[in-house]
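Participant: Curious how this folds, go ahead:
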Amino acid sequence: MEGGNRLAVGFLNDQLDACEADLRGRLEPDERVIALGRAEDITLRGDIDSGGAAWTFVMVSDRYLRWVPYCRLRYVTAVGLDDVTGALDRTSAHRYAIRLRHAEIQALRDVPKRRFLRYQWGNIDAVRTFRITTLAFSRRDTDAARALREELALRDVIPRVVPSPPRKTREPPQYLVLRPYD
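Facilitator: You can find the predicted model right below:
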């Protein structure tokens with residue numbers, strides 16, 4: 001079991017290194033990287049609590065927010081920070097999400113190949129148009145989240161804080177007591 005975990009962590013680290021190398025290759029000559037990190041692109045799902053295992057690599061520079069959903073290089077997306085017109089902040093427990101309203105961008109994304117009524121199955125890549133992007137971070141104080149807010153503040157885009165809905169109360173656990181069978 002431990003060997004499997006090491007393989008998974010090694011695979012993720014290799015993917016993140018490949019994402020960083022690719023994004024650094026896309027930098028403009030005098031562009032400066034401010035922060036790197038991981039998040040989850042929840043633009044299509046929209047729920048802060050549906051954020052996964054942070055398989056989205058994020059790079060914040062002095063000009064762009066760049067990210068690679070699912071660590072798949074074909075999905076590389078970038079938004080010019082000067083093109084961001086508004087932002088919303090939201091937290092849920094320790095999770096933090098920022099929703100950016102920006103100029104229209106086009107990005108390749110994974111979409112269902114077939115649909116029938118409410119059912120969908122299969123995968124295919126398609127170009128989607130976005131005017132809003134939502135990234136979920138594990139915490140509000142991650143380097144990438146903090147750098148993104150600071151860069152937006154330099155452009156007079158101050159995220160509006162949206163109160164989170166109250167969390168559902170958890171029922172106390174019910175324990176199964178095993179008794180000898182008579």
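Participant: quick one: low-confidence parts of this structure?
Facilitator: 1-9, 46, 50-53, 176-177, 182 (pLDDT under 70).
Participant: What ranges does it have for its strands?
Facilitator: 33-41, 56-61, 64-68, 77-80, 84-92, 95-116, 119-137, 160-161 (DSSP state E).
Participant: Show me the contact partners of the shortest one.
Facilitator: Spelled out, it's strand 160-161. Gly86, Ala87, Leu88, Asp89, Arg90 (Cβ atoms under 8 Å, 6 or more residues apart in numbering). Backbone N, C-alpha and C define where each C-beta goes, glycine included.
Participant: how close does Arg139 sit to Ile132?
Facilitator: 22 Å (Cβ to Cβ, to the nearest Å).
Participant: Now do the contacts for the nearest residue in space to Val33 that is not next to it in sequence.
Facilitator: Closest residue to Val33 apart from its sequence neighbours, by Cβ to Cβ, 6 or more residues apart in numbering: Ser61 at 5.2 Å. Residues near Ser61 by Cβ under 8 Å, 6+ apart: Leu27, Glu31, Arg32, Val33, Ile34.
Participant: Quick check on those: which are buried?
Facilitator: Buried subset of these (neighbour count, 16 or more other Cβ atoms under 10 Å): Val33, Ile34.
Participant: want to try a markdown table for the contacts of Ser61, with distance to Asp47 as columns?
Facilitator: A markdown table is the format used below for those (distance: Cβ to Cβ, whole Å):
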| residue | distance to Asp47 |
| --- | --- |
| Leu27 | 32 |
| Glu31 | 33 |
| Arg32 | 33 |
| Val33 | 30 |
| Ile34 | 28 |
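Participant: could the strands of the chain go into a markdown table alongside distance to Ile48?
Facilitator: Below are these laid out as a markdown table (distance: least, Cβ to Cβ, whole Å):
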| stretch | distance to Ile48 |
| --- | --- |
| strand 33-41 | 9 |
| strand 56-61 | 14 |
| strand 64-68 | 17 |
| strand 77-80 | 19 |
| strand 84-92 | 5 |
| strand 95-116 | 4 |
| strand 119-137 | 5 |
| strand 160-161 | 13 |
